[in-house]
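A.B. asks: Next input, structure requested:
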Amino acid sequence: QVYLVESGGGLVQAGGSLRLSCTVSARTFSSFEMGWFRQTPEKEREFVAVIRRSGGSTNYADSVKGRFTISRDNAKNTVYLQMDNLKSEDTAVYYCAAGFQVLPTKPRDYVYWGEGTQVTVSS
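C.D. replies: Numbers count the residues shown, from 1 in each chain. Model prediction:
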């Protein structure tokens, strides 16, 4: 079984920063494409960012481009999401996910999911 555990969420003021982490309990971590999604009660789960298994390529939602950075450390089985210049509309539960397709952006393309971490941005 593969487990994903997110951490790093919290309450931050608009314009501030947070770094989310997601640690994966699998020796095959380096074989996964890793993504971040977010969801609010009003919306469906929304793609945020994805990184290739090697870390060589990334892709971002337009709404976070230039503000968020996804990275990974395969030696630590961990993927990160650095979030800068946060806005109130970034408030959501953030989920990390693991999959096998190349740079997937849809939830159905991912196999494993974490439980999520809450990010709240106050204006």
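
A.B. asks: Between the two ends of stretch 46-57, how far is it?
C.D. replies: 20 Å (Cα to Cα, to the nearest Å).

A.B. asks: And for stretch 111-123?
C.D. replies: 35 Å.

A.B. asks: I'd like the average pLDDT over that stretch.
C.D. replies: When pLDDT is averaged over stretch 111-123, the result is 97.

A.B. asks: same question, stretch 25-34
C.D. replies: pLDDT averaged over stretch 25-34 gives 93.

A.B. asks: now do stretch 40-53
C.D. replies: Rounded mean pLDDT across stretch 40-53 is 97.

A.B. asks: What of stretch 56-68?
C.D. replies: Rounded mean pLDDT across stretch 56-68 is 97.

A.B. asks: Not counting residues beside it along the chain, what's closest to the residue minimising distance to the centre of the chain?
C.D. replies: Centroid-nearest residue in the chain, with Cα atoms, centre = their mean: Trp36, separated by 2.4 Å. Closest residue in space to Trp36, ignoring its immediate chain neighbours: Val48 at 4.3 Å, by Cβ to Cβ, 6 or more residues apart in numbering. Glycine gets a C-beta too; all of them are placed from N, C-alpha and C.

A.B. asks: Going by neighbour count, list what's buried in whatever helix or strand that neighbour lives in.
C.D. replies: Using DSSP states H and E, Val48 sits in strand 46-51. Within strand 46-51, the residues that count as buried by 16 or more other Cβ atoms under 10 Å are 46-51.

A.B. asks: that older thread, quick check: phi and psi on the residue nearest to the centre of the chain?
C.D. replies: Per-residue torsions, Trp36: phi -120, psi 140 (degrees, to the nearest 10).

A.B. asks: measure it to Ser123 for me?
C.D. replies: 22 Å (Cβ to Cβ, to the nearest Å).
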